[in-house]
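**Student:** Provided below are the primary sequence and the corresponding predicted coordinates.
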Amino acid sequence: MLRIFTIIIVVLAAIVVVTAVAIVAVRVLRQVRRRRQATLAAGPRRELLAFVADNGEQGSHGLVAIPEDAWKAAEPGALSLLGKLRGEAHLALVSVFLRRGTARRALYDLRSRSRVKRARAAQVLGDLELRQAVPELCRLLTDRHAEVRVVAVRALGRIGDPAAAWRIIASLDQSDPVASLLATHTLVQLGPEAEVTLSAALDHPEARVRAVCLEALGLLGATGALDRVARVLCEDSVLDVRVAAATNLGRLGTRGAVEPLTEALTPARPTALRAAAARALGDLGAPSAVEALVSMIDDEHYRVAHEAAHALRRLGPRGLRALREVLELDDAEDRGRHAQPSSAAAHAREALAMASLTASLEEPVAVG
């Protein structure tokens, strides 16, 4: 029995020694590999930095002529640099990558069985802003892995081809959809040419899709979609979508939005919608909305009255004058020594205090 235990201990000790040696060997090999990669990348990195500093006017032939092993070591750093550049320097570096076949390899990797390779390839193509990759990137919007879909959406936004708008919108109506905020940001990156598609999508049966498209139209300042957004405000069956329509009418900044927003203030409308409409009228900055907002300051619902008062504050001198008149009217009424001010006066006083604080913060500080 003792002999068996001795053998077991020896075997275990040998396993421990072998494992320790293997761990040390792997670490040494990794360190040697890192040093070799750093040595290989040093020269190309200097050429890349000089190329970028010269705004890409000279040195492209030298970058294309770099040996493959040295370029492969420097390529991760070059790709990260590519994502930070704009203008002529970006276009020049993109040309270098195209000539070295980076785009071709990335397009091939989009169909790899490895989700890591697919995601990395999508990011590279987005950084290259390669429009011919848009159809393949759109295909990844239905990828079974969420992280691949996220990278594909970001890449499409970076490329900025409005042809991708419908596919991005469709990706919102899936069992595991793309995040609304990410989709909105990407749709905005597609630019004004996507406005027609976004307006058409306001008829989509999914409320979430309609809300995202409204948000994108508002951020784009799509004044041409004013009538369509106003119709959603009046007719949509989902309250959250109508609230989104009111909010984004305020962002459009056109006088034509005053009338539908004013109509949304009527007492028959839901409280959340009326509050959103009041806030949007303040965002519009239209003095013609003063009268409608003043009538809302004594609303029985706190949110509506609060938003109306602060909307008046944002309307400038005319709105501030209306708030002061509310206070004066309240003071003129005989309420008795211990009577509390009306709710309208309380809201007006709060809004005026905020206006005073904002003005004091915006005043230049004298340096003496």
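**Tutor:** Yep, that arrived.

**Student:** so where's the protein uncertain?
**Tutor:** 1-2, 33, 36-44, 48-49, 52-60, 71, 333-341, 361-368 (pLDDT under 70).

**Student:** Could you pick out the longest helix of it?
**Tutor:** Using DSSP state H, we find that the single longest helix of the chain is helix 2-53.

**Student:** chain center to the following helix or strand past it, what's the gap?
**Tutor:** Per DSSP states H and E, the first helix or strand lying C-terminal to helix 2-53 is helix 60-64. Relative to the centre of its chain, helix 60-64 is centred 36 Å away, using C-alpha atoms, centre = their mean, to the nearest Å.

**Student:** could you pull out the strands for the stretch 101-250 of the chain?
**Tutor:** Using DSSP state E, counting those that start in this stretch, the stretch 101-250 of the chain contains no strands.

**Student:** Now do the helices in it.
**Tutor:** 102-109, 115-128, 134-139, 146-159, 165-170, 180-189, 195-200, 207-220, 226-235, 239-252 (DSSP state H, counting those that start in this stretch).

**Student:** rewinding a little: and the longest helix of the chain, what does it pack against?
**Tutor:** helix 60-64, helix 68-82, helix 87-99 (3 or more C-beta pairs under 8 Å, 6 or more residues apart in numbering; DSSP states H and E). All C-beta atoms are positioned from the backbone trio N, CA, C, and that covers glycine.

**Student:** any chance of these in a markdown table, with distance to E300 too?
**Tutor:** Output for those, formatted as a markdown table (distance: least, C-beta to C-beta, whole Å):
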| stretch | distance to E300 |
| --- | --- |
| helix 60-64 | 70 |
| helix 68-82 | 57 |
| helix 87-99 | 56 |
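
**Student:** how about these, which one is nearest A133?
**Tutor:** Closest approach to A133 among the helices and strands packed on helix 2-53 (C-beta to C-beta): helix 87-99, 11.7 Å.

**Student:** In the closest one, which residues are buried?
**Tutor:** Going by neighbour count (16 or more other C-beta atoms under 10 Å), the buried part of helix 87-99 is 89-90, 92-94, 96-97.

**Student:** Quick one, which of the helices and strands packed on helix 2-53 gets closest to R279.
**Tutor:** Judged by C-beta to C-beta, the one of the helices and strands packed on helix 2-53 that comes nearest to R279 is helix 87-99, at 38.1 Å.

**Student:** Assign D299 to helix, strand or coil.
**Tutor:** Under DSSP: H, G, I helix; E, B strand; the rest coil, D299 falls in the coil class.

**Student:** count of residues packed around it?
**Tutor:** Counted with other C-beta atoms under 10 Å, the neighbours of D299 add up to 22.

**Student:** Now do the phi/psi pair for it.
**Tutor:** phi -60, psi 150 (degrees, to the nearest 10).

**Student:** give me the number of residues near the residue nearest to it when sequence neighbours are not counted?
**Tutor:** Using C-beta to C-beta, 6 or more residues apart in numbering and skipping the chain neighbours, the partner closest in space to D299 is A305 (4.4 Å). Neighbour count for A305, taken as other C-beta under 10 Å: 22.

**Student:** tell me the contacts of A305?
**Tutor:** Contact partners of A305, counting by C-beta atoms under 8 Å, 6 or more residues apart in numbering, are 296-299, 343-344, 347.

**Student:** For it, give its distance to S175.
**Tutor:** 42 Å (C-beta to C-beta, to the nearest Å).

**Student:** do A353 as well
**Tutor:** Taken as C-beta to C-beta, the span from A353 to S175 is 49 Å.

**Student:** returning to what we had before: now the buried residues of helix 87-99 in JSON lines, with distance to L249?
**Tutor:** Formatted as JSON lines, the buried residues of helix 87-99 follow (distance: C-beta to C-beta, whole Å):
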{"residue": "A89", "distance to L249": "40"}
{"residue": "H90", "distance to L249": "36"}
{"residue": "A92", "distance to L249": "43"}
{"residue": "L93", "distance to L249": "42"}
{"residue": "V94", "distance to L249": "39"}
{"residue": "V96", "distance to L249": "46"}
{"residue": "F97", "distance to L249": "43"}
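
**Student:** Which one of the residues you listed is nearest to V290?
**Tutor:** Checking the buried residues of helix 87-99 against V290 by C-beta to C-beta gives H90 as the nearest, at 47.8 Å.

**Student:** how many other residues sit next to the nearest residue to that closest one once chain neighbours are set aside?
**Tutor:** Residue nearest to H90 in three dimensions, not counting chain neighbours: L82, with 6.9 Å by C-beta to C-beta, 6+ apart. Number of residues near L82 (other C-beta under 10 Å) recorded here: 21.

**Student:** how much space between L82 and V96?
**Tutor:** Remark: distance between L82 and V96 (C-beta to C-beta) = 9 Å.

**Student:** and of the helices and strands packed on helix 2-53, who's closest to G319?
**Tutor:** Of all the helices and strands packed on helix 2-53, helix 87-99 sits nearest to G319, with 42.2 Å by C-beta to C-beta.

**Student:** helices or strands next to that closest one in the packing?
**Tutor:** Other elements packing on helix 87-99 under the criterion 3+ C-beta pairs under 8 Å, 6+ apart are helix 2-53, helix 60-64, helix 68-82, helix 115-128.
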